[in-house]
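A.B. asks: test case, fold it:
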Amino acid sequence: MKLSPACFLLVGVKLGMRSIPIATACTIYHKFFCEINLDAYDPYLVAMSSLYLAGKVEEQHLRTRDIINVSNRYFHPGSDPLELDSRFWEIRDSIVQCELLVLRVLRFQVSFQHPHKYLLHYLVSLKNWLNRYSWQRTPVSITAWALLQDSYHGGLCLRFRAQHIAVAVIHLALQAYGVEVPAEAEAEKP
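C.D. replies: Numbers count the residues shown, from 1 in each chain. Here you go, the predicted model:
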């Protein structure tokens, strides 16, 4: 059974990862399981390896020990922290080996264009376009950001271009609050 990316999103947050490295980890995870049979590898191991690799790719290096401890705590609540015994070293070695496997399966293409920068630019433009009252009374930007983060729970990051995802989450946020964009009625498309 495929692990929900929500699980390791939370592990990434608990590890203090920024949004882009977490997005990269999710993309690596989704892309890996698009190429490989879901039952072929342990999803928890792939998740930990994705976090570790994303930290390297996005230059927010994480210690393997931290990934193991936080993941163990999250995936097995109530369990004691792992001792530095043979079990710990087996997991650590497995993460490193799985990282190499992931790199080979993805043909070393682990750098991705994420919608975050587009979302920020589009939100600034939208803020300048809308009247001040509409912008201040609704948390459009917070909602759009939350929707963007949630989009990584599924494979949207693989199926659509970054710009389109950014526009889509803004559109959903505007719809959620009933905010009308000036001149939308005259436009050919919403």
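A.B. asks: start to end distance for stretch 12-20?
C.D. replies: Stretch 12-20 has an end-to-end distance of 11 Å (criterion: CA to CA, to the nearest Å).
A.B. asks: may I see the buried residues of it?
C.D. replies: G12, L15, M17, S19, I20 (16 or more other CB atoms under 10 Å). The way it works is simple: take the backbone N, C-alpha and C, and place the C-beta from them, glycine included.
A.B. asks: repeat that for stretch 148-168.
C.D. replies: Under the neighbour-count criterion of 16+ other CB under 10 Å, stretch 148-168 has L148, Q149, S151, Y152, G155, L156, C157, A162, I165, A166, V167, A168 buried.
A.B. asks: quick one: that stretch to chain centroid distance?
C.D. replies: From the chain centre to the centre of stretch 148-168 is a distance of 10 Å (CA atoms, centre = their mean, to the nearest Å).
A.B. asks: so H164: helix, strand or coil?
C.D. replies: Classification of H164 using DSSP: H, G, I helix; E, B strand; the rest coil returns helix.
A.B. asks: next SSE after the lengthiest helix in the chain?
C.D. replies: For the chain, the longest helix by residue count, based on DSSP state H, is helix 86-105. Remark: after helix 86-105, the chain's next helix or strand is helix 116-129, criterion DSSP states H and E.
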